[in-house]
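In: sequence first, predicted coordinates after that:
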Amino acid sequence: MAERAQASAIRPSAAAPGAQARRIRILGVPLDMGASRRGVDMGPSALRVAGLEARLEALGHHVTDGGNIRVEVAETRASGDKNAHYLSEIAETCVHTAQAVLVSLEGGETPLVLGGDHSLAAGSISGVAEYHRQREEKIGLIWIDAHSDINTPDTSPSGNVHGMPLAALMGLGPEPLSRLFGWAPKVSPENTVLLGVRNIDEAERANIRRAGIDHVFTMRDIDERGMRAVMEEALRAAGRGTAGYHVSLDLDWIDPEDAPGVGTPVRGGATYREAHLAMEILADHGRLLSFEIVEVNPVLDEHNRTADLAVELACSAFGKKIL
């Protein structure tokens, strides 16, 4: 059995027949100022160690590793505003991330962003939105997460900015994140989808209504309707009238039994197969503009298995098939 598992691990993955070969640029963002638990700054390295580049190339893609965005070290900075810790440093990282994503798209590459905590999404998604705004196009957003991350400094109980990026993208603030490139919101609420959420506080419920986001699929929806029905509706909503969609995948969406290496685990998440099915359906639709994987924390992981799962899911999103 061990020999068969080892052989499977090194065999080139099967891509979908006729699947589009992409030019993918990996961008690491080792940011951990947005969370209270440290360690996600090592997430990009953990994903690289798990063989991300080689496994994507085995699917027929051309992959370039663009290295890491420069990030300040928390110990060298004051935390600043108690309602939004390290906001200026996080905003600076998001500016650089947005620019790197924009340059990748201008060069015909698909950005694959590795986090780092989820606050980096304010930068990555701003870069994608700006690229398409220049072409008079809109983008959709599929936010796959146990949490809605739509607090603002006024509503956050912790002051941790990784709970605020969706609020910034919807134009609710904080302003240093919401006004990247000088405009907001970056995504229309009718093209914004929350998928698999299961831990939302009362202030976030109010902010979801304030932002006008109607497409919120909780884990109960997935339990009752099944992953295929939910994903198909989510992709329709995100894709309606848009150039395609960005997918922001927080590994705490998956149940801690399968993904222990995350900073804010919540029981009752997606199973291993549900997660792969979601990514496989995403690949089938072929409208992925950009992708990011965040909140992998090697300090809390078991033998890098959360990072390994993250790489498997990225491969499914980029076309890996069972047959």
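Out: Arrived safely.
In: how much space between the most centrally placed residue in the chain and Ser290?
Out: With distances taken as Cα atoms, centre = their mean, Ser248 lies nearest the centre of the chain, 2.4 Å away. Going from Ser248 to Ser290 by Cβ to Cβ, to the nearest Å gives 9 Å. C-beta here means a position set from N, CA and C on the backbone, and glycine is covered the same way.
In: now do the shared contacts for those two.
Out: Shared contacts of Ser248 and Ser290 (Cβ atoms under 8 Å, 6 or more residues apart in numbering): Ser124.
In: which stretches of this protein have low pLDDT?
Out: 1-19 (pLDDT under 70).
In: which residues in it form strands?
Out: For the chain, applying DSSP state E gives strands covering 14-15, 23-29, 62-68, 110-115, 140-144, 192-197, 215-218, 245-250, 288-294, 320-321.
In: so Gly43 makes contact with Leu114?
Out: Yes. Using Cβ atoms under 8 Å, Gly43 makes contact with Leu114 at a distance of 6.3 Å.
In: more neighbours: the two, which one.
Out: Gly43 (32 against 28; other Cβ atoms under 10 Å).
In: what's the closest non-adjacent residue to the more buried one?
Out: Counting by Cβ to Cβ, 6 or more residues apart in numbering, Gly43 lies nearest to Val296, which is 3.9 Å off, once chain neighbours are set aside.
In: before we move on, what about Ala307?
Out: Once flanking residues are discounted, Ala307 sits nearest to Ala46: 3.7 Å by Cβ to Cβ, 6+ apart.
In: ok, now which ones touch that neighbour?
Out: Neighbours of Ala46 in contact, by Cβ under 8 Å, 6+ apart: 261, 296, 298, 301, 304, 306-307.
In: just send these back as a markdown table, with distance to Ile26 too.
Out: Formatted as a markdown table, the contacts of Ala46 follow (distance: Cβ to Cβ, whole Å):
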| residue | distance to Ile26 |
| --- | --- |
| Gly261 | 19 |
| Val296 | 14 |
| Pro298 | 17 |
| Asp301 | 20 |
| Asn304 | 17 |
| Thr306 | 18 |
| Ala307 | 14 |
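In: and which of these is nearest Glu274?
Out: Comparing these against Glu274 with Cβ to Cβ picks out Thr306 as the nearest, at 16.1 Å.
In: tell me the buried residues in stretch 39-55?
Out: Neighbour-count burial for stretch 39-55 flags 39-48, 50-53, 55 (criterion: 16 or more other Cβ atoms under 10 Å).
In: pick the one among the residues you listed closest to Val266.
Out: Nearest member of the buried residues of stretch 39-55 to Val266, counting by Cβ to Cβ, is Val40, at 16.1 Å.
In: state the distance from that closest one to Leu194.
Out: As judged by Cβ to Cβ, Val40 and Leu194 stand 21 Å apart.
In: just the helices in the protein please.
Out: With helices called from DSSP state H, the chain shows them at 2-10, 43-49, 52-57, 87-106, 121-133, 165-169, 175-178, 202-211, 219-225, 227-239, 272-285, 305-317.
In: out of those, deepest packed?
Out: Neighbour counts (mean count of other Cβ atoms under 10 Å) averaged over each of the helices of the chain peak at helix 165-169, with a mean of 29.
In: which helices and strands sit right next to it?
Out: helix 121-133, helix 175-178, strand 192-197 (3 or more Cβ pairs under 8 Å, 6 or more residues apart in numbering; DSSP states H and E).
In: residues contacting Asn297?
Out: Taking Cβ under 8 Å, 6+ apart as the contact definition, Asn297 lies against 37, 39-40, 42-43, 261-263, 306.
In: swap the cut-off to 7 Å and go again
Out: Asn297 makes contacts with 37, 39-40, 43, 261-263, as judged by Cβ atoms under 7 Å, 6 or more residues apart in numbering.
In: go on, Val266?
Out: Per Cβ under 7 Å, 6+ apart, neighbours of Val266: 146, 198-199, 252.
In: among those, which pair sits farthest apart?
Out: Top of the distance list for the contacts of Val266 (Cβ to Cβ): Arg198 and Asp252, 9.8 Å.
In: any common contacting residues for those two?
Out: With Cβ under 7 Å, 6+ apart, Arg198 and Asp252 have common neighbours 146, 266.
In: okay then, goodbye and thanks.
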